[in-house]
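Participant: Okay, sequence plus prediction incoming.
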Amino acid sequence: MHGDEDSPFGENETQRILEVGWRQGSVFRPPVGLALPVPCDRENELLVVCTQSCTVVSRDLARDPNIEFIVAKPTGHYKANSPEATGKNLRCFHLPVSGLANASALECDINRRFFEPRELCLKHPPEADLAVSEDAARNLAGWISLYYTRVALPNELVIRAKGLFDTIKSALKKNTQSGERLSESIDKIFVNWSPDIELQGGLYHLDILFLCADDDADMRLNTLLETKLQPFTEEGGHDGIKLTYANKVRSQTFLSELEGYKRLSEWDYLSNLGDVAESEH
């Protein structure tokens, strides 16, 4: 069917958009006549669709009038386990793309996103020779989701916890027996704290839970943290923080054990960004 008077979109228009290849993760080189509301080097940068595929091909233009793009530039420094590829860097994401010349991925900038009318999809096709896998597109969506859902600690707690956080980050950068960084074997990190206010004095009680991929990572992390974090775990705390922490193997952890915790995405070396994207829908 065709759209009604209020919505020129209908089944035929949706089919046209789908057939030319528009979907989440589509790569687009904007035509010269298209004005862009954010900085973009048209000669060297591209646009990537952020919007969910179901919205991109929606038959209701009134309900889904726009499509969101993000500006991205080719990079030859893609590494599957890097912070930029796994979502740890919340402002920059490396999206693997096949068909690029002298590059293996696009570097997406979270601060250069914008909306365009979805009718654009009827007038111009995406780049047919540049392909993004469904998994990579979901990871892009997961990364964007994390930017909005990251945990908001009290500012005073962040200030007090700088030394603690630096110690933990240092431990996560250590190599495992296989030669990989320990961080690559940490599945997720969760946190809980009280009180949830800006304290002028007194102690913040901070509880951190590390979910490890396997027993080796669990034991390695525990060994690295046990001595270094001791001042924070003592009765009087340290730097205004009283710390409790635990390591668990992911496969041996029940969902009920995560109740009350929030995911600490800034440290999360995120091998499962697609899971984040799915959880937001």
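Facilitator: Thanks, I have the structure now.
Participant: what kind of secondary structure is the residue nearest to residue 21 when sequence neighbours are not counted in?
Facilitator: If the residues on either side of it in the chain are set aside, residue 21 comes closest to residue 126, at 5.2 Å by CB to CB, 6 or more residues apart in numbering. C-beta: built from backbone N, CA, C; applies to glycine. Secondary structure of residue 126, reduced to three states by DSSP: H, G, I helix; E, B strand; the rest coil: coil.
Participant: Quick check, residue 126 in contact with residue 30.
Facilitator: No: with contact taken as CB atoms under 8 Å, residue 126 and residue 30 are classed as non-touching, separated by 10.7 Å.
Participant: More neighbours: the two, which one.
Facilitator: A side-by-side neighbour count of residue 126 and residue 30, using other CB atoms under 10 Å, places residue 126 first with 22 against 18.
Participant: next helix or strand past whichever strand or helix holds residue 216?
Facilitator: For residue 216, the enclosing helix or strand under DSSP states H and E is helix 215-228. Using DSSP H and E, the helix or strand that directly follows helix 215-228 along the chain is helix 230-233.
Participant: for that next one, the distance to its chain's centre please.
Facilitator: In this view, helix 230-233 has its centroid 31 Å away from the chain centroid, taken as CA atoms, centre = their mean, to the nearest Å.
Participant: same check, this time on stretch 65-76
Facilitator: 15 Å.
Participant: List the buried residues in it.
Facilitator: Along stretch 65-76, the positions that meet the burial threshold by neighbour count (16 or more other CB atoms under 10 Å) are 67, 68, 69, 70, 71, 72, 73, 74, 75.
Participant: OK, contacts around the spatially closest residue to the fifth one that is not a sequence neighbour?
Facilitator: The spatially closest residue to residue 71, leaving aside those adjacent along the chain, is residue 112, at 3.9 Å (CB to CB, 6+ apart). Counting by CB atoms under 8 Å, 6 or more residues apart in numbering, residue 112 makes contact with 38, 39, 40, 70, 71.
Participant: Need the max-distance pair from the residues you listed.
Facilitator: Among the contacts of residue 112, the pair separated by the greatest distance (CB to CB) is 39 and 70, at 12.5 Å.
Participant: can you pull out the strands in the stretch 51-200 of the chain?
Facilitator: 66-75, 92-96, 105-117, 186-194 (DSSP state E, counting those that start in this stretch).
Participant: Any stretches of this protein with poor pLDDT?
Facilitator: Counting by pLDDT under 70, the ranges of the chain that qualify are 1-9, 176-179, 265-281.
Participant: what about 80?
Facilitator: Low-confidence segments of the chain, defined by pLDDT under 80, are located at 1-10, 81, 83, 88, 146, 148-151, 175-181, 183-184, 187, 265-281.
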